[in-house]
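S.K.: Just to be clear, the model below is a prediction. Sequence and coordinates:
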Amino acid sequence: MTQFYLPEGLADAIPEPFGLGNEYWDAAREERLVVQRCADCRAWQWTPEWVCSRCHSENLVFEQVQATGTLYAFTRIWHPVEAGLADSCPYVVAVVQLDEVPAVQMIGNLLVDAETEPTIGQPCEAVFEHHAGFTLVQWRPSGA
């Protein structure tokens, strides 16, 4: 993606210093979507954790999944949460339920005109927005 949805110069979205989400951020940089999964009971979980929320195993891995989903919910942001976003409001933030892993819902910006009325249940696809030190996973309606 060559044009940023949100303005340049915002604080970098960097992985936690203890590395729990490093594999997610590395995959996003390569334009792949990964989700954490327990290697023992095979349960999926999002956001990444140190132990499986189902069986309490510490044997967790990240697996690549299809970068497609369904719009589960959205909200339009009218007031900037950071001064650098003042000129970007309003914008739309979405909760997308993954097609391949329906138990997982991810949050990201929905790349639509702020005046667009998104439709719950509409198919979406991930868009990988590359910044200097990180890559954001955003969403857009499929076919847009």
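M.R.: Good, I have the coordinates. Numbers count the residues shown, from 1 in each chain.

S.K.: Not counting its own residues, what contacts the lengthiest strand in the chain?
M.R.: Longest strand in the chain by number of residues, with DSSP state E as the criterion: strand 68-77. Under the contact criterion C-beta atoms under 8 Å, 6 or more residues apart in numbering, strand 68-77 has outside partners 85, 89-100, 105-106, 110, 114, 118-126, 139, 141-142. To be clear about C-beta, it is placed using only N, CA and C from the backbone, and glycine gets the same treatment.

S.K.: try stretch 91-98
M.R.: Residues contacting stretch 91-98 (C-beta under 8 Å, 6+ apart): 5-6, 35, 65-66, 68-77, 85, 104-110, 112, 114, 116, 118, 124, 139.

S.K.: which of those residues count as buried?
M.R.: Buried subset of those (neighbour count, 16 or more other C-beta atoms under 10 Å): 5-6, 35, 65, 68-72, 74, 104-106, 108-110, 112, 118, 124, 139.

S.K.: circling back: what strands line up against the helix or strand just after the longest strand of the chain, and which way round?
M.R.: Once the chain leaves strand 68-77, the next helix or strand it forms, by DSSP states H and E, is strand 91-98. Its sheet considered, strand 91-98 pairs with strand 68-77 (antiparallel), strand 105-109 (antiparallel) by DSSP bridges.

S.K.: next one: stretch 94-108 to chain centre, how far?
M.R.: 8 Å (C-alpha atoms, centre = their mean, to the nearest Å).

S.K.: again with stretch 49-62
M.R.: How far stretch 49-62 lies from its chain's middle: 20 Å, per C-alpha atoms, centre = their mean.

S.K.: Show the end-to-end separation of it, please.
M.R.: In stretch 49-62, first residue to last residue: 11 Å (C-alpha to C-alpha, to the nearest Å).

S.K.: That's all I had, so thanks and see you.
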